[in-house]
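# quick check, what structure comes out for this input:
(2 chains)
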Number of protein chains: 2
Amino acid sequence: MKDWLDAYDERDWQTTTEGTVRYALLGLGWWTMDLALPAIENSKLGEVTTLVSSSTEKAQRLAEESDVDRGISYDEFHAGEASDAYDAVYIGTPNAYHLEYVETAVDLGKAVLCEKPMESTVERAEQMVDVAESGDAPLMIAYRMHTDPAVRRTKELIADGFIGDPVSVYGNNTQPLLEMIPDHDQWRLDPDISGYGTSVMDLGIYSLNTARFILDRDPVAVQSQMSSHHEAFADVPDERSGSVLVLEDDVKMVTTTSQNAHEDTQLKLTGTEGQIDLRPAFHGECTMHLARGELSATVSHDAFDSQREMREEFDYFADRVLTDGEIVADGRHGLQDMRIIRAVHEAAESGDVVEL
Amino acid sequence: MKDWLDAYDERDWQTTTEGTVRYALLGLGWWTMDLALPAIENSKLGEVTTLVSSSTEKAQRLAEESDVDRGISYDEFHAGEASDAYDAVYIGTPNAYHLEYVETAVDLGKAVLCEKPMESTVERAEQMVDVAESGDAPLMIAYRMHTDPAVRRTKELIADGFIGDPVSVYGNNTQPLLEMIPDHDQWRLDPDISGYGTSVMDLGIYSLNTARFILDRDPVAVQSQMSSHHEAFADVPDERSGSVLVLEDDVKMVTTTSQNAHEDTQLKLTGTEGQIDLRPAFHGECTMHLARGELSATVSHDAFDSQREMREEFDYFADRVLTDGEIVADGRHGLQDMRIIRAVHEAAESGDVVEL
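Predicted structure coming up:
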């Protein structure tokens, strides 16, 4: 047990401690500025040299405030300005703008870390995979749960048989979006920019992807119900949703998600012999609740807030870029989530079982 | 808060403290003998005078061991023997045998407390309702969660708006049946006796019914997935299941259940403003976890194990029988659960949305 606890937050994925990846950050919203930027600054293998935003002025102002070398506009980025100053781009823009920046980054010979969901539609995600593969560019989708130690240790425990055969999974991710960002016209509520909808694209993806990663099993069928009531959600179909999925090996998964509900995250994996419940699961402080027979244990690691999760993610990405190593959450991994999310929406619209 | 805590386990349903209902108990398995019998003995308004089993000898032996006046056989029960000695029957037999005992009990002018699910099929449940209504006999289905204080206080808090508008519900009830009762030929795995299946009939009913009771909203549509793998489950379709239901007012409900999984019970109700999570939920020690904004509270009441829940249930039933009062979980309430469970099975078989 001491060994296990000592190694709890060990970077079992790390293959190098040498080198630096210099980043350009695209999309300077609160997530990029308040979380991604400090995460890279605290990381071992990364540094931010360039900020990219809608105008040169805005980018330069934010660069100055954040002690970053330079700020450039998207147009300047597309023109290749200052491209000697960075090795990789982090794309934190709204979903439907990811592809164009990936195209330019690949043209410029850069590695890409792109936020999830990787794009707004399956077709655009497929294009992104094509672009990255034909340009031979490293492309990673930013699933930061993959480097959270609670998730990695859960994956190991389940592979070791701690819960027996997996039987069912419950995933929930809800938040009060309009309290967090009090704007009815925000991009997450605009399907032209967010994609198929808002709650499954932005929140449900955590349950779906983390279950896929932990269990190493993908959904093969889905049924779903979704609906919108609040006027701010008039253009998206999924203010709230509930789904049942069948994963490989017949694991039953149920999920709920809503952008207009009390904040709560939980991912519970139940097997024939035991259970691992991650709660909270997704937005930092991911905590493992283990149970088997009469025995239970809770393991938490206070340091892993969202920013620390991001730091691990950036160092994982840098490790792979610096060593030309295999990226687990590559474009094809992210594309599969896009197909699953599209299937969830198709299932809700048709009332049918949609197979994957 | 002091008033609320002082009144936490108050019997807000109680209308009389006078009188005694004398019971005959039918179906002398571990549930009846280890839980129902002591629950009545500890109750204020009940006493057990008669045990009924397959043979006179077995019934008499158990009566003697338990200090009950008399034991009779099912045949003797049907013949009306010793019917002056009891006012009500408690039916704890396997599901498909409930109806015949209700018929006799009503003929004999007795009140009936019948275990859930009320019968094996919708048709037989409908017959039971007809029999009770035409005989003008009090019939209650034994949903003991209705008199658990955590459930009653949750119902009040939600009616008072504590969670805002209800958005989603998650219910889980899993147990390792073959570890609890190591017999591959037990009646819960025989669809002729259990009904539509095993996990939804026996376990899922807790999530479904408790959500109905707390939210005062019934399911209007259901989609479901179920399957069986273990050889002991060859005759039932639902060793494991996952479902998504839409309740009135568009509340999304997801449920999982399995008779072959780690024991776990949870009923989580999430609204636009807050959440109430009952965990554990169903087999005693029901504990409320309240959350709203940044605030959270946990309320537990150690006394409420399954036997104490049963005691409350028996006194509620006796209160209604003694005062001729309205029974909330009457035959029609139980019949609705049977229709819901049938719909869950039909949905799994067809892959369609089944409307209720």
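
# can you pull the pLDDT of the one residue in the stretch 1-150 of chain A that gets nearest to chain B?
Chain B sits closest to residue A:150 of the stretch 1-150 of chain A, with a gap of 18.8 Å, by C-beta to the nearest C-beta. All C-beta spots, glycine's among them, are computed from the backbone N, C-alpha and C. What the model reports for residue A:150 is a pLDDT of 97.

# for chain A, which helix is longest?
Secondary structure of chain A per DSSP state H: the longest helix is helix A:331-350.

# tell me what that helix is packed against?
Judged by 3 or more C-beta pairs under 8 Å, 6 or more residues apart in numbering or on different chains; DSSP states H and E, helix A:331-350 is in contact with helix A:122-134, strand A:139-141, helix A:205-215, strand A:219-227, strand A:240-247, strand A:354-355.

# circling back: tell me the SS of the residue of the stretch 1-150 of chain A closest to chain B?
Secondary structure for residue A:150, judged by DSSP: H, G, I helix; E, B strand; the rest coil, is helix.

# quick check: chain neighbours aside, which residue is closest to it?
residue A:286 (4.0 Å; C-beta to C-beta, 6 or more residues apart in numbering or on different chains).

# what helix or strand does that neighbour sit in?
Here residue A:286 is covered by no helix or strand, with elements defined by DSSP states H and E.

# now do the buried residues in the longest helix of chain A.
Neighbour counts over helix A:331-350 (16 or more other C-beta atoms under 10 Å in any protein chain shown) mark A:331, A:333-338, A:340-345, A:347-348 as buried.

# which stretch among the helices and strands packed on helix A:331-350 comes nearest residue B:71?
strand A:240-247 (46.9 Å; C-beta to C-beta).

# where do the helices of chain A begin and end?
A:2-6, A:30, A:37-41, A:56-65, A:74-78, A:98-107, A:122-134, A:149-159, A:177-180, A:191-194, A:199, A:205-215, A:306-323, A:331-350.

# need the winner for burial among these.
helix A:199 (a mean of 28; mean count of other C-beta atoms under 10 Å in any protein chain shown).

# now that helix: average pLDDT?
Mean predicted confidence for helix A:199 is 98.

# what do you get for stretch A:79-91?
Averaging pLDDT along stretch A:79-91 gives 98.

# tell me the gap between that stretch and the middle of its chain.
22 Å (C-alpha atoms, centre = their mean, to the nearest Å).

# if I read this right, the residue of the stretch 1-150 of chain A closest to chain B contacts residue A:304, doesn't it?
Yes. Residue A:150 lies in contact with residue A:304 (C-beta atoms under 8 Å); the separation is 7.2 Å.

# picking up where we left off before, let me have the helices of chain A in TSV, adding distance to residue B:132 as columns.
Compiled in TSV, the helices of chain A are given as follows (distance: least, C-beta to C-beta, whole Å):
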stretch	distance to residue B:132
helix A:2-6	58
helix A:30	61
helix A:37-41	65
helix A:56-65	73
helix A:74-78	73
helix A:98-107	63
helix A:122-134	55
helix A:149-159	49
helix A:177-180	49
helix A:191-194	53
helix A:199	45
helix A:205-215	44
helix A:306-323	57
helix A:331-350	41
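
# so for stretch A:7-18, mean pLDDT?
96.

# let me redo that: stretch A:103-112
98.

# next: stretch A:23-40.
So the average pLDDT for stretch A:23-40 ends up being 96.

# ends of it, what's the gap?
With C-alpha to C-alpha, to the nearest Å as the measure, stretch A:23-40 spans 9 Å from end to end.

# which ones are touching residue A:82?
Contact partners of residue A:82, counting by C-beta atoms under 8 Å, 6 or more residues apart in numbering or on different chains, are A:24, A:50, A:70, A:72, A:76.

# domain map for chain A?
Domain ranges of chain A: A:11-144, A:145-304+A:329-355, per automatic domain parsing.

# with distance to residue B:192 added, can I get the ones you listed in TSV?
Formatted as TSV, the domains of chain A follow (distance: least, C-beta to C-beta, whole Å):
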stretch	distance to residue B:192
domain A:11-144	47
domain A:145-304+A:329-355	26
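
# which of those domains sits closest to residue A:5?
domain A:145-304+A:329-355 (8.0 Å).

# which residue is the nearest non-sequential neighbour of the residue nearest the centre of chain A?
Among the residues of chain A, the one closest to the centroid is residue A:143, at 3.2 Å (C-alpha atoms, centre = their mean). Excluding the flanking residues, the one nearest residue A:143 by C-beta to C-beta, 6+ apart is residue A:329, at 4.6 Å.

# for residue A:161, same thing?
For residue A:161, the spatially nearest residue (C-beta to C-beta, 6+ apart) is residue A:273, at 7.7 Å.

# just the CA coordinates of stretch A:330-348, formatted as CSV?
Coordinates of each C-alpha in stretch A:330-348 appear next as CSV, following Å, rounded to 0.1, in the frame of the first residue of the first chain:
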residue,chain,number,x,y,z
ASP,A,330,-4.8,11.3,-31.0
GLY,A,331,-7.1,12.6,-33.7
ARG,A,332,-8.7,9.2,-34.3
HIS,A,333,-9.4,8.8,-30.6
GLY,A,334,-11.1,12.2,-30.6
LEU,A,335,-12.9,11.4,-33.8
GLN,A,336,-14.5,8.4,-32.2
ASP,A,337,-16.0,10.7,-29.5
MET,A,338,-17.4,12.9,-32.3
ARG,A,339,-19.1,9.8,-33.8
ILE,A,340,-20.5,8.8,-30.5
ILE,A,341,-21.8,12.3,-29.8
ARG,A,342,-23.4,12.5,-33.2
ALA,A,343,-25.0,9.1,-32.5
VAL,A,344,-26.4,10.3,-29.2
HIS,A,345,-28.1,13.2,-31.1
GLU,A,346,-29.3,11.0,-33.9
ALA,A,347,-30.7,8.5,-31.3
ALA,A,348,-32.6,11.3,-29.5
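
# pLDDT weak spots in chain A?
Across chain A, nothing is flagged by pLDDT under 70.

# quick one, what contacts the nearest residue to residue A:325 once chain neighbours are set aside?
Distances taken as C-beta to C-beta, 6+ apart place residue A:15 nearest to residue A:325, at 6.0 Å, with adjacent residues excluded. By C-beta under 8 Å, 6+ apart, the contact list for residue A:15 reads A:319, A:323, A:325.

# the second one against residue A:16, yeah?
Read it as residue A:323. Yes. Taking contacts as C-beta under 8 Å, residue A:323 lies within contact range of residue A:16: 5.2 Å.

# ok so, going back, surely the residue nearest to residue A:143 touches residue A:145?
No. Contact between residue A:329 and residue A:145 fails when scored by C-beta under 8 Å: they sit 9.6 Å apart.

# tell me who's in contact with the nearest residue to residue A:17 once chain neighbours are set aside.
Nearest residue to residue A:17, sequence neighbours excluded (C-beta to C-beta, 6+ apart): residue A:44, at 6.7 Å. By C-beta under 8 Å, 6+ apart, residue A:44 lies in contact with A:17, A:315, A:318.

# one more time with 10 Å
Applying C-beta atoms under 10 Å, 6 or more residues apart in numbering or on different chains to residue A:44 gives the contacts A:11, A:14, A:16, A:17, A:18, A:19, A:20, A:311, A:314, A:315, A:318, A:319.

# ditto for residue A:80
Counted by C-beta under 10 Å, 6+ apart, residue A:80 has contacts A:104, A:107, A:108.

# go again with 8 Å.
A:104, A:108.

# repeat for residue A:307
Contacts of residue A:307 (C-beta under 8 Å, 6+ apart): A:35, A:38, A:39, A:42, A:284.

# and with 6 Å instead?
By C-beta atoms under 6 Å, 6 or more residues apart in numbering or on different chains, the contact set of residue A:307 is A:35, A:38, A:39.

# residue A:70 is in contact with residue A:50, isn't it?
Yes. Counting by C-beta atoms under 6 Å, residue A:70 does reach residue A:50; the two are 5.4 Å apart.
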